[in-house]
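>>> quick check, what structure comes out for this input:
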Amino acid sequence: MWVKFIFALIPIVWLIISLTALKMPAAKAAVISLILAIILAITAFQLPVVDTLTGTLEGILGGLFPIVYIIVAAMFTSSTYGNKPVEEIAAVAQMYASSAQNIGPDDIKRIKEMSGLPVIVKGVNCAEDVEVALTAGADGVYVTNHGGREIDGAPATIDVLPEVVEAVNGRCPVIFDGGVRRGSHVFKALALGADLVGIGRPYLYGLALGGPHGVASVINELNDELKIDMQLTGCKTIEDVKYARLTDFQYAGDTKPSSTDPRVRKPYPVTAVNQIKSEPDAATGASHH
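Residues are numbered from 1 along each chain as shown. Purely as a prediction, here's the structure:
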C-alpha cells in the first residue's frame, strides 16, 4: 500500500519543487508531472491489491489522487494575473504603452513603398475610413471589429458591411470577417458585397480536436452548407450570390433599418413581421409571397 501511496505523491512533490525551487515554467512543469503520474499509475496498478483494511485505504487513496493532483496543479500553474508579480503586470502595460499609438495614413504609404507589396487596411468600419485608406494607397479594406485597438464595444461587422461596400464602389476588394461560423454567414456576407470572407476560429476548433483532418472537416462542412444555401436560393455561382437580395427584418424597438444598401429590401413593419406580405419587385413588378 505504502509503495502506491509514495507513487501517488511523487508527481505532486515534483510539481511543487519544479515551480518553487527550480523556477521552471508552469506549463513545462505540469507536463512533466503529468507524464510522471501516468507512468507511476501504470506501475502501481500492476501491483497486487490486498483485500484487507490496508487494501481499502489503498483504493481510497488511489481514487483521491487524480482530484488532489488537479487541485495542486491548478493552484501552482494558474496563469491569471491575480497571482503574477507586480513587475510582470507592469511589463505588459509598459509594452503596450511603448508601442506605436500614432499609426495613420502616412504609415500605409511608407509600408507600401518599403515592401513593394499590396497593403490591406484591417478594421475599416465606416465610409470615412474607406476614403482615408484608399487615399493613402491601400489595395484593399478588411471589415472587422477585432483590430486590437477598439474600445470595449463595436458594431457588428455584418451591419457596417453594406456602408463600406457602397463607399468602396468597386475600387478595391472588400474582405469581411467577424463571427463567421456557418455557410449561411458566408452567403450573407457575399450577398451584401464582400469579395472575400475570412474564417478563423472554426479552423482552430477543428485543428484542436482532429488535427489536419479536423480542419479539413470544418472546411468541407462550411462548403456543404454554402452549397445548400445556394441551391435553396437558386444561385448557381458565387456571382449569383452577389446579386442575391436579402430581407432586413426589424425587431420591436428598432427605429430604422440596419442597412441602407439598395440590394437589401426595406424592412417590413414591426407589426407585420409574422405576417405574409407581398412586395412588388423593383425590377420586374412581380410580387413575392
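
>>> quick one: average confidence on stretch 227-237?
In this model, stretch 227-237 has an average pLDDT of 92.

>>> alpha carbons only: can I get that stretch in PDB?
Output of stretch 227-237 as PDB, limited to C-alpha atoms (Å, rounded to 0.1, in the frame of the first residue of the first chain):
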ATOM      1  CA  LYS A 227     -23.800  25.000 -51.500                       C
ATOM      2  CA  ILE A 228     -27.100  24.100 -49.800                       C
ATOM      3  CA  ASP A 229     -27.900  27.700 -49.300                       C
ATOM      4  CA  MET A 230     -27.000  28.500 -52.900                       C
ATOM      5  CA  GLN A 231     -29.300  25.600 -54.100                       C
ATOM      6  CA  LEU A 232     -32.200  26.800 -51.900                       C
ATOM      7  CA  THR A 233     -31.900  30.300 -53.300                       C
ATOM      8  CA  GLY A 234     -31.400  29.400 -56.900                       C
ATOM      9  CA  CYS A 235     -27.800  30.600 -57.100                       C
ATOM     10  CA  LYS A 236     -25.600  28.600 -59.400                       C
ATOM     11  CA  THR A 237     -22.300  30.600 -58.900                       C
END
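
>>> which residues touch it?
183-184, 187, 240-241, 244 (Cβ atoms under 8 Å, 6 or more residues apart in numbering). The way it works is simple: take the backbone N, C-alpha and C, and place the C-beta from them, glycine included.

>>> got it, and stretch 196-211?
Residues contacting stretch 196-211 (Cβ under 8 Å, 6+ apart): 142, 144, 173-177, 180-181, 185-186, 189-190, 214-219, 222.

>>> before we move on, back to that, now the contacts of stretch 227-237 as JSON lines including distance to residue 204 and secondary structure?
Formatted as JSON lines, the contacts of stretch 227-237 follow (distance: Cβ to Cβ, whole Å; DSSP: H, G, I helix; E, B strand; the rest coil):
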{"residue": "183", "distance to residue 204": "18", "secondary structure": "helix"}
{"residue": "184", "distance to residue 204": "21", "secondary structure": "helix"}
{"residue": "187", "distance to residue 204": "22", "secondary structure": "helix"}
{"residue": "240", "distance to residue 204": "31", "secondary structure": "helix"}
{"residue": "241", "distance to residue 204": "26", "secondary structure": "helix"}
{"residue": "244", "distance to residue 204": "29", "secondary structure": "coil"}
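
>>> of the residues you listed, grab the buried ones for ChimeraX.
Buried residues within the contacts of stretch 227-237, by 16 or more other Cβ atoms under 10 Å, are selected in ChimeraX with:
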select :183,187,241,244
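
>>> which of the contacts of stretch 227-237 scores worst on pLDDT?
residue 244 (81).

>>> just checking, it touches residue 189?
No. Checked against Cβ atoms under 8 Å, the pair residue 244 and residue 189 is beyond contact range at 11.3 Å.

>>> nothing else from me, thank you.
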